[in-house]
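Participant: got a predicted model here, sequence first, then my questions.
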Amino acid sequence: MPKNTLSVIDNRTGKQYELPIESGTIRAIDLRQIKLGADDQGLETYDPGFLNTAACRSAISFIDGDKGILRYRGYPIEQLAERSTFLETAYLLLHGELPSAAELDSWVYNVTHHTIVHESIKKFIDGFHHDAHPMGMFVSTVAALSTFYPEAKHIQDETSRRNQIFRLIAKTPTLAAFAHRHSVGLPYAYPDNDLSYTGNFLNMMFKTTEVKYAPNKTLERALDVLLILHADHEQNCSTSAMRGVGSSHADPYSAMAAAAAALYGPLHGGANEEVLKTLREIGSKDRIPAYIDRVKRGEFRLFGFGHRIYKNYDPRAKIIKRIADEVFDVTGKNPLIDIAVELERIALQDDYFVSRKLYPNVDFYSGIIYEAMKFPIDMFPVLFAIGRTPGWLAQWQEMLLDKDQKIARPRQIYTGPDKRDYVPIENRG
């Protein structure tokens, strides 16, 4: 009997089946042969939330949650955060290899010279109410870009795909900054192609009356690292949305708008905002033990601790914690950091958290740094979206080129009524 198979005995019929095992998985479709009779559709799997279902093969990012490992295309996240830049990391995610000097120069040039948006996009943003959430505006304007670039629907054309990738990576900071400026009633600050990717974003966010905005180098680099840490993370909710919508062969703007909408939720891109709310609610270090007791009683969830994948310390959280000191040297110390550090210390000495492997994740410290850099809280998910854009696009492109992929169409277990006949309204009880 082959070793790379799974023997399954259906105790309902007594029949035995041999299912091939490949890369630690069996194909769900192989279960369909397990039937009670000719009219049976075959066995299916039931996996709410995809807790143990692989929907694709991917070479983009790798996570070992038990060991706290995250790699992009094989490169440890710690090395990329220390040595790379966001645009170089974006190139790596999309092309599979680090660029040569010439390739990087060309890549950066093309991204930099696609940052301007059509003036009608400004009018589109002006149509939002002044207190509209920046993430709502961001999702909408990303989707609207598909109407400005109708050739984007030619997704099988490599040149067209490349142009849309340039545009989306280049224009997301512009859309994000414009959404912020609109929400606070400031005039739009146009892109400055003399600045770096993150420096230009800071320029569009915070420029006021100065003729030439000069970003602080420490904050510029800190933001670059934060974007690297968010660039990709396997098949999370928003990436699954990107692949799911993209599998219908929608244009990348529509697919990315769906991904950004998924990111909008507090269980995904809004988690760091919830962390800040928690720290403010605690208020002081002496109130932490009582707060933790309430969490242990199940009164509410402690945001920023625990992760679906990581059962060890999130490697991104370690990097962010180090960056915090560098940022605070420039901005001044965010008083919430003392509460956060003490909360982490107490929690990681408590068997309730340790036994459940609830360690700080990327959201625990990122919001504190963003706030110190003067980003409004409602911009946090938008910042996440900027960082995740190259990852979404890499996953979208990989999905399109994967011959195994078809339009996403999960199965269901029907739990409704059996067949019944329509009853005229006058005869209903």
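Facilitator: The structure has been received and is ready for your questions.
Participant: ok, H113 - contacts?
Facilitator: H113 sits next to A170, N193 when contact means Cβ atoms under 8 Å, 6 or more residues apart in numbering. C-beta: built from backbone N, CA, C; applies to glycine.
Participant: mind doing that once more with 7 Å?
Facilitator: Neighbour list for H113: N193 [criterion: Cβ atoms under 7 Å, 6 or more residues apart in numbering].
Participant: quick check: it vs E426, distance?
Facilitator: Distance of H113 to E426, computed by Cβ to Cβ, to the nearest Å: 69 Å.
Participant: got it, and S196?
Facilitator: S196 sits 72 Å away from E426 when distances are taken as Cβ to Cβ.
Participant: please apply the same query to V139.
Facilitator: Taken as Cβ to Cβ, the span from V139 to E426 is 46 Å.
Participant: between S196 and E426, tell me which one has more neighbours.
Facilitator: Neighbours per residue, other Cβ atoms under 10 Å: of S196 and E426, the larger number sits with S196, 21 against 5.
Participant: neighbours around L87, how many?
Facilitator: Using other Cβ under 10 Å, L87 is surrounded by 23 other residues.
Participant: where does the chain have low pLDDT?
Facilitator: Scanning the chain for pLDDT under 70 picks out 1-2, 306-311.
Participant: the strands in the chain, which residues?
Facilitator: Along the chain, counting by DSSP state E, strands occupy 5-10, 15-20, 61-64, 69-72, 75-76.
Participant: can you give the strand pairings for the last one, parallel or anti for each?
Facilitator: In its sheet, strand 75-76 lies beside strand 69-72 (antiparallel), with partners assigned from DSSP bridges.
Participant: which positions within the partner strand qualify as buried?
Facilitator: L70, R71, Y72 (16 or more other Cβ atoms under 10 Å).
Participant: let's have those residues in a markdown table, adding distance to E103.
Facilitator: Listed next are the buried residues of strand 69-72 as a markdown table, based on distance: Cβ to Cβ, whole Å:
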| residue | distance to E103 |
| --- | --- |
| L70 | 24 |
| R71 | 21 |
| Y72 | 17 |
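Participant: ranges for the helices of the stretch 101-250 of the chain?
Facilitator: For the stretch 101-250 of the chain, the helices defined by DSSP state H, counting those that start in this stretch occupy 101-112, 119-126, 134-148, 158-184, 197-206, 217-229, 237-246.
Participant: for the first one, C-alpha coordinates in CSV please.
Facilitator: Spelled out, it's helix 101-112. Listed next in CSV are the C-alpha coordinates belonging to helix 101-112 (Å, rounded to 0.1, in the frame of the first residue of the first chain):
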residue,chain,number,x,y,z
ALA,A,101,19.9,48.0,-8.6
ALA,A,102,18.7,48.7,-12.1
GLU,A,103,15.5,46.8,-11.6
LEU,A,104,14.8,48.6,-8.4
ASP,A,105,15.5,52.1,-9.9
SER,A,106,13.1,51.3,-12.7
TRP,A,107,10.4,50.0,-10.3
VAL,A,108,10.7,53.0,-8.0
TYR,A,109,10.6,55.4,-11.0
ASN,A,110,7.4,53.8,-12.4
VAL,A,111,5.6,53.8,-9.0
THR,A,112,6.7,57.3,-8.2
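Participant: got the buried residues for it?
Facilitator: Quick answer for helix 101-112 (16+ other Cβ under 10 Å): W107, V108, N110, V111, T112.
Participant: wait, the second one sits on L87?
Facilitator: To tie it back to what came earlier, the one meant is V108. Yes: V108 lies in contact with L87 (Cβ atoms under 7 Å); the separation is 5.4 Å.
Participant: how close does the residue nearest to H154 when sequence neighbours are not counted get to G49?
Facilitator: Excluding the flanking residues, the one nearest H154 by Cβ to Cβ, 6 or more residues apart in numbering is S160, at 4.5 Å. In this view, S160 and G49 are 35 Å apart by Cβ to Cβ.
Participant: the more surrounded of these two?
Facilitator: Neighbours of S160 and G49, each counted by other Cβ under 10 Å, are more numerous for S160; the result is 17 against 8.
Participant: contacts only, for that one.
Facilitator: For S160, the contacting residues are E151, A152, H154, by Cβ under 7 Å, 6+ apart.
Participant: restrict those to the buried ones and give me that as a ChimeraX selection.
Facilitator: In ChimeraX, this line selects whichever of those come out buried by 16+ other Cβ under 10 Å:
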select :152
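Participant: ok, so of the contacts of S160, who is nearest I34?
Facilitator: For the contacts of S160, the residue nearest I34 by Cβ to Cβ is H154; the value is 42.0 Å.
Participant: the stretch 301-429 of the chain: helices as residue ranges?
Facilitator: 315-331, 336-347, 351-355, 362-372, 380-401.
Participant: how about residues contacting the first one?
Facilitator: This points to helix 315-331. 68-70, 77-78, 81, 216, 218-219, 222, 225, 229, 334, 337, 360-362, 364-366, 368-369, 372-373.
Participant: ok, 8 Å please
Facilitator: 68-70, 77-78, 81, 216, 218-219, 222, 225-226, 229-230, 334, 337, 359-362, 364-366, 368-369, 372-374.
Participant: just the buried ones out of those, please.
Facilitator: 68, 70, 77, 81, 219, 222, 225-226, 229-230, 334, 337, 359-362, 364-366, 368-369, 372-373.
Participant: any chance of the helices of the stretch 301-429 of the chain in CSV, with distance to G185 too?
Facilitator: As requested, the helices of the stretch 301-429 of the chain are exported to CSV (distance: least, Cβ to Cβ, whole Å):
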stretch, distance to G185
helix 315-331, 24
helix 336-347, 27
helix 351-355, 43
helix 362-372, 21
helix 380-401, 18
